[in-house]
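Pasted the sequence and its predicted model underneath.
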Amino acid sequence: MIEFPKPDVEEMLQTVSIIDFAVSPDEKQFIFCTNISGKYNLWAMDLPNAFPYRLTFNNQPCHELLYDQEGRFVIAGFDHDGDENTQFYALKPHGGAMKKVVYQENTRNFSPQLSSDGERLYYSSSKENPSYLNTYCLQLSTGEETTVLEGSGGTTYIAEVSEDETTTLYYQFFSNTNSRYYARVGEEEILLTPPTEKEHTVSFAVLTSPTEVYLVTDYEADFSYLAKFDLETKTFTKVKEIPKEGFTTLIYDKENRILYITAEKGVEDRLYAYHLDEGLWGNMVIPCDLITKVAVAKSGTVYLLGGGSVQLGNVYKREGDKWVQITRNKMAGMAEEDFVAPEVVTYPSFDGLEIEALFYKAKEEHDKGEMILWPHGGPQHAERKSFNAIFQYFLSNGYSIFAPNFRGSTGYGLNFTKMVERAWGAGPRLDNIAALDWLIDQGYAKKGEIIVMGGSYGGYMSLLLHGRHADYFKAVIDVCGPSNLFSFIHSVPEDWKSAMDAWVGHPERDREKLIEYSPSTYIDQMIKPMLVVQGANDPRVVKAESDQIVEALKEKGRDITYIVMEDEGHGFAKKENEIAVFRQVLEFMEKYASKTANVH
Ligand SMILES: CSCC[C@H](NC=O)C(=O)N[C@@H](C)C(=O)N[C@@H](CO)C(=O)O
């Protein structure tokens, strides 16, 4: 028998993703957004499992995707090269030229909702109200438009319009840990949680009858739960909570009156079914660690997109009590065993708070005794069991990775998530340092030999750790991290600005803290080799954030490499860019590799 060589590590970078999907009302067609061609486009398959055909050629990831209820057309949202100015297009289900339906340059458009007859499109937009957004109703055949909601006080998004278009659900976003949902019934505005001064979130709501709304909230709780609001009697009732699990989204099966509920439990997801009339609650075993999306077709059939730490994202269809895989996204020539699954570990932080982390240990045959600390982005996000091609690439090159869910991360309750607010460089920084001390104590890493690398807030944290604790590291990699919290606060998208005080801090009231938490305060102490990567079109962490730190370090004569990706935004949407950058990151790390034997 022929003996084949082991997969080339370079192949790890070639994995592709599916980031969204929609199923036609008759379930004969399925549209999905994938970078199978190297760049994201919409593709379709005629079910079951036929050869995929390409629907779009604009080479942009879609941000929204919905079928008209009769399956006559699809609405999809695209921005341009990561600028996040999403515009809405209509396209025929079998392809052809796209029609611009909501298109105004330099505007941000969100949450498209089609009326049940497919004649009107409701959506929220920055075009006339950049801070708080307005919501419009667009007559698709004539282009006539009316304003249906004017945002004020908090960024205001439409969420759902009832079948008869008399009831609208919308929400006001004040910060990641403070939001409210409302129903507008005729002229009446109804708050869906009891009035309170205490900050909480309402992250999802769905109309299940003209008078009944189910919602996901953490009102008076640490973890979000399922609640119900009766629009007639104005009563709020807690329906179901699960200790230490936070419910995240609701998907309603109108045909069978079943509510599907996704939930997060630390680094994994769960799926539940709740039969509204019988009051029956059931746990559904899922074929993956994490759920990206659940959709229910008109018939009640459930579709799920999900993946895991050693499993690429795929779409599954529920048949009886089984999940049938309908896409075949796989790494040719590789099996799950070729990848490294993380260990879920916990360690005590400086004040005794327990921190959960994902620990990816390089396989013995690859291990070089190198350790990467990976603070995740957000910061109100988490490192979870998702497939990460870059992690697998570094692992096969002998680098272990430690990714802590420091305070501020999601998945551990509202109070834990709030701990990063106005404290960006306080507790979370020390949780990262506690992670390093734990690794050093256990013999997994050596002080001064660690690499720190992160994107977004993770890039910010890499810079800050470099500036304040340079003695732990030998090299630093920052991907689009804010470097100065004052300039960051002023340069984010307009519709984020009202949240910056609660999230990051106030430039005058919190001046001292913001100086202390800004990486730019510690330029003198940033003495280790550094690589900075930035997307030129990034609207969240603008290029000036990277330019200014690179400039300051260059002036000091430090060893600094700067890569700007001209056609990217906050992260990578194009495979060739991702591959080119992470090859360069590996080269950079190899330059400083210890060339010492294993430390453990
Ligand atoms: C404060 S307004 C909206 C914030 C936004 N909310 C939901 O998505 C958010 O938290 N965004 C982060 C994912 C994000 O982009 N963070 C950037 C900026 O800190 C990052 O660098 O991680």
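Noted; the coordinates are in hand.

Show me what the helix or strand encompassing P428 is packed up against.
Element membership for P428, per DSSP states H and E: helix 427-441. Helices and strands touching helix 427-441, by 3 or more Cβ pairs under 8 Å, 6 or more residues apart in numbering; DSSP states H and E, are strand 343-348, strand 354-360, strand 370-373, strand 399-405, helix 457-468. Quick note: C-beta positions are derived from backbone N, CA and C, even for glycine.

Check whether that helix comes near the ligand.
No - using Cβ under 6 Å from any ligand atom, helix 427-441 stays clear of the ligand, with a minimum separation of 11.8 Å.

Check which residues of that helix are buried.
427-436, 438-440 (16 or more other Cβ atoms under 10 Å).

could I get these as a markdown table with distance to E70 and pLDDT?
Formatted as a markdown table, those follow (distance: Cβ to Cβ, whole Å; pLDDT from 0 to 100):
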| residue | distance to E70 | pLDDT |
| --- | --- | --- |
| G427 | 52 | 98 |
| P428 | 49 | 98 |
| R429 | 54 | 98 |
| L430 | 56 | 98 |
| D431 | 52 | 98 |
| N432 | 52 | 98 |
| I433 | 57 | 98 |
| A434 | 56 | 98 |
| A435 | 53 | 98 |
| L436 | 57 | 98 |
| W438 | 57 | 98 |
| L439 | 57 | 98 |
| I440 | 62 | 98 |
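
Would you point out the most distant pair within those?
G427 and I440 (20.1 Å; Cβ to Cβ).

What are the phi and psi values at the residue in the chain positioned nearest to the ligand?
Closest approach between the chain and the ligand, counting by Cβ to the nearest ligand atom: S456, at 2.7 Å. Per-residue torsions, S456: phi 60, psi -120 (degrees, to the nearest 10).

Distance check, the nearest residue to E163 once chain neighbours are set aside against P5.
In space, and not counting its chain neighbours, E163 is closest to S116: 5.0 Å by Cβ to Cβ, 6 or more residues apart in numbering. Applying Cβ to Cβ, to the nearest Å, the value for S116 to P5 is 56 Å.

between the two, which one's more packed in?
Comparing S116 with P5 by other Cβ atoms under 10 Å, the one with more neighbours is S116, at 14 against 6.

what residues does this structure put near the ligand?
Near the ligand, when you scan the chain using Cβ under 6 Å from any ligand atom, you find 175-176, 377-378, 380-381, 456-457, 496, 499, 503, 540-541.

What about those, which are in strands?
Mapping the residues of the chain next to the ligand onto strands (DSSP state E) picks out S175.

ok, and the most crowded of the residues of the chain next to the ligand?
V541 (26 neighbours).

Could I get the contacting residues of it?
Contacts for V541 (Cβ atoms under 8 Å, 6 or more residues apart in numbering) come out as 456, 459, 480-482, 488, 534, 570.

Could I get these in TSV, plus columns for distance to V239?
What follows is the contacts of V541, written out as TSV (distance: Cβ to Cβ, whole Å):
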residue	distance to V239
S456	35
G459	40
C480	40
G481	41
P482	39
F488	40
Q534	45
H570	36
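
Scan the protein for its longest helix.
helix 575-591 (DSSP state H).

Run through the helices of the protein in chain order.
Using DSSP H, helices in the chain cover 389-396, 414-418, 427-441, 457-468, 485-491, 494-497, 500-503, 511-517, 543-555, 575-591.

looking at these, which is buried most?
Comparing the helices of the chain by mean neighbour count (mean count of other Cβ atoms under 10 Å), helix 457-468 ranks first with a mean of 27.

wait, G282 sits on L271?
No - taking contacts as Cβ atoms under 8 Å, G282 lies outside contact range of L271: 9.6 Å.

Tell me which of those two has more neighbours.
Neighbour count, other Cβ under 10 Å: between G282 and L271, L271 has more, with 21 against 10.

Any idea what that one is bridged to?
Using DSSP bridges, the beta-bridge partners of L271 come out as T262, M284.

from what I can see it touches D289, true?
No - L271 is not in contact with D289 according to Cβ under 8 Å; the separation is 11.7 Å.

What count of nearby residues applies to D8?
11.

so who does the residue nearest to G413 when sequence neighbours are not counted touch?
With Cβ to Cβ, 6+ apart as the criterion, G413 has its nearest non-adjacent residue at 3.9 Å, and that residue is D222. Contact partners of D222, counting by Cβ under 8 Å, 6+ apart, are 413-415.

same thing with K317?
Here K317 is in contact with 301-303, 323-324, 326 (Cβ under 8 Å, 6+ apart).

Report the separation between it and V296.
Separation of K317 from V296 (Cβ to Cβ): 11 Å.

try A159
A159 is 17 Å from V296, where distance means Cβ to Cβ.

I figured G408 hits A382, correct?
No - at 9.4 Å, G408 does not count as touching A382 under the criterion of Cβ under 8 Å.

if you count what's nearby, which of those two comes out ahead?
Shown here are G408 and A382; by other Cβ under 10 Å, G408 has more neighbours (26 against 23).

Do you know the pLDDT at H600?
Note on H600: pLDDT of 41.

My error: substitute N49 in the last question.
70.

can you redo the contacts of V541 as a markdown table with pLDDT?
Shown next, in a markdown table, are these (pLDDT from 0 to 100):
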| residue | pLDDT |
| --- | --- |
| S456 | 98 |
| G459 | 98 |
| C480 | 98 |
| G481 | 98 |
| P482 | 98 |
| F488 | 98 |
| Q534 | 98 |
| H570 | 97 |
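
quick check, nearest of the residues you listed to L207?
For the contacts of V541, the nearest to L207 is H570 (32.8 Å; Cβ to Cβ).

residue contacts, the closest one?
82, 84, 456, 480, 535, 538-541.

With adjacent residues omitted, what lies nearest to the spatially most central residue of the chain?
Note on the chain: the residue nearest the mean C-alpha position is H381, at 7.3 Å, using Cα atoms, centre = their mean. Distances taken as Cβ to Cβ, 6+ apart place T410 nearest to H381, at 5.9 Å, with adjacent residues excluded.

list the contacts for the residue of the chain closest to the ligand?
Neighbouring residues of S456 by Cβ under 8 Å, 6+ apart: 377-378, 479-481, 540-541, 570-571.

same question, Y517
423-426, 464, 485, 505.

Pick out the most distant pair among those.
L464 and G505 (14.4 Å).

For V324, list each beta-bridge partner.
Beta-bridge partners, per DSSP bridges, of V324: K317.

Number of residues surrounding it?
13.

Relative to K254, how far out is K298?
8 Å.

Next: F173.
Separation of F173 from K254 (Cβ to Cβ): 27 Å.

Tell me which of these two has more neighbours.
F173 (22 against 14).

beta partners for the more buried one?
In beta-bridge terms (that is, DSSP bridges), F173 pairs with T155, S179.

so who does it touch?
F173 sits next to 154-157, 179, 499 when contact means Cβ under 8 Å, 6+ apart.

Tell me what I355 is bridged to.
Y347.

Number of residues surrounding it?
I355: 22 neighbours (other Cβ under 10 Å).

Help me confirm that it comes into contact with F402.
No - checked against Cβ under 8 Å, the pair I355 and F402 is beyond contact range at 11.0 Å.

Overlap of the contact sets of those two?
A435.

re earlier: so what's in contact with K317 and V296 at the same time?
If you check K317 and V296 against Cβ under 8 Å, 6+ apart, the residues they both contact are 302-303.
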